[in-house]
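Peer 1: turn this into a structure:
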Amino acid sequence: MSHWIHDSVKIGKGTTVGRFSVVEEDVVLGDNVTVGNHVTVHAGTHIGDGTLIADNTVIGRWPRPAKTSTVQVDADLPGLRIGEGSTIGANAVLYRGSILGNEVLVGDQALIREKCRIGDTVVIGCQVAVENQVEIGSRTKIQTNAYITAYTRLAEDVFIAPCVTTTNDNFMGRTEERFQHMRGPDVKRGARVGGGAILLPGVVVAAESFIAAGAVVHRDTEPATVYIGVPARSLRPVPKEEMRKG
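Peer 2: Next comes the predicted model:
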């Protein structure tokens, strides 16, 4: 036998499972799903119609945090859900308890942790790390090697360029007080964050803000304003022709 599929798995019409793949109990594979070679689909995962799971991916695994981690794992964490028409790249790892919308693209070697909520038509690029309890709105694009820290909120139509870093802990792992202050950035609709920029804990990047490459955002921004520098400072308004339509 070239693959192993539990007897309880529900498999839709036209669905294929590649060689040496494992599909555990209570998984639902919709119609016309393609599961590549050497894939592990963990128990309780639901994969929507027309979705492609590329080779060597791990889908719906349980989190196993370190003893010193701030993360608490729920014993009743629900299975991972992936919407219709999505593509999950090779060697990606997606955790249990997250929900991905329709037509989501997850790049090769990307990581999505537990309790994330990801809207429709989102792009998560190669080697992007999305930590636990992150919200990502529809049509948002996150490019290669960006780091999206826990508790971050990205609204609809946000653009995150390569190597952007978000942060959530001003105490950097020390003192018990930090637990009540941990917050990721809140990036509002249509904002754009340039390559290598850093967003500090809890900052609000206002709607249609433009954060230039390499900027360090340590305070809330104003809507439709260009920010540059370290620390970031306002430069000029975003031109009207660059504003999101609709």
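
Peer 1: could you list the domains of this protein?
Peer 2: The chain breaks down into these domains under automatic domain parsing: 1-124, 140-246.

Peer 1: could you redo those as JSON lines and give each row mean pLDDT?
Peer 2: Output for the domains of the chain, formatted as JSON lines (pLDDT from 0 to 100):
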{"stretch": "domain 1-124", "mean pLDDT": "95"}
{"stretch": "domain 140-246", "mean pLDDT": "93"}
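
Peer 1: could you dump those into TSV with mean neighbour count and distance to N132 added?
Peer 2: For the C-beta atoms, the positions are set from N, CA and C on the backbone; glycine is no exception. Below are these laid out as TSV (neighbours: other C-beta atoms under 10 Å; distance: least, C-beta to C-beta, whole Å):
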stretch	mean neighbour count	distance to N132
domain 1-124	18	4
domain 140-246	18	5
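
Peer 1: to E131, which of these lies closest?
Peer 2: Nearest to E131, of all the domains of the chain, is domain 140-246, at 4.0 Å by C-beta to C-beta.

Peer 1: quick check, distance from the closest one to the centre of its chain.
Peer 2: Taking the mean of its C-alpha atoms, domain 140-246 sits 15 Å from the chain's own mean (C-alpha atoms, centre = their mean, to the nearest Å).

Peer 1: just to revisit the earlier point, with distance to Q133 as added columns, please give the domains of the chain in CSV.
Peer 2: As requested, those are exported to CSV (distance: least, C-beta to C-beta, whole Å):
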stretch, distance to Q133
domain 1-124, 5
domain 140-246, 5
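
Peer 1: pretty sure A206 sits against R219.
Peer 2: No: counting by C-beta atoms under 8 Å, A206 stays clear of R219, with 11.0 Å between them.

Peer 1: who does the residue nearest the centre of the chain bridge with?
Peer 2: By C-alpha atoms, centre = their mean, the chain has its centre lying nearest to V130, at 4.2 Å. Beta-bridge partners recorded for V130 (DSSP bridges): I112, I148.

Peer 1: hmm, it is touching L111, no?
Peer 2: Yes: between V130 and L111 there is a contact at 6.5 Å, judged by C-beta under 8 Å.

Peer 1: so the residue nearest to the centre of the chain versus Q180, what's the distance?
Peer 2: Distance of V130 to Q180, computed by C-beta to C-beta, to the nearest Å: 24 Å.

Peer 1: how about L100?
Peer 2: Note on L100: its distance to Q180, by C-beta to C-beta, is 30 Å.

Peer 1: then E103?
Peer 2: From E103 across to Q180, the span is 38 Å (C-beta to C-beta).

Peer 1: same check, this time on N168
Peer 2: 12 Å.

Peer 1: same question for D49.
Peer 2: Applying C-beta to C-beta to D49 and Q180 gives a distance of 43 Å.

Peer 1: give me phi/psi at I198?
Peer 2: The phi/psi pair for I198 (degrees, to the nearest 10) reads phi -120, psi 130.

Peer 1: what sits against it?
Peer 2: I198 is in contact with V164, T165, T166, T167, A215, V216, V217, counting by C-beta atoms under 8 Å, 6 or more residues apart in numbering.

Peer 1: partner residues bridging it?
Peer 2: Under the criterion used (DSSP bridges), I198 bridges to T165, V216.
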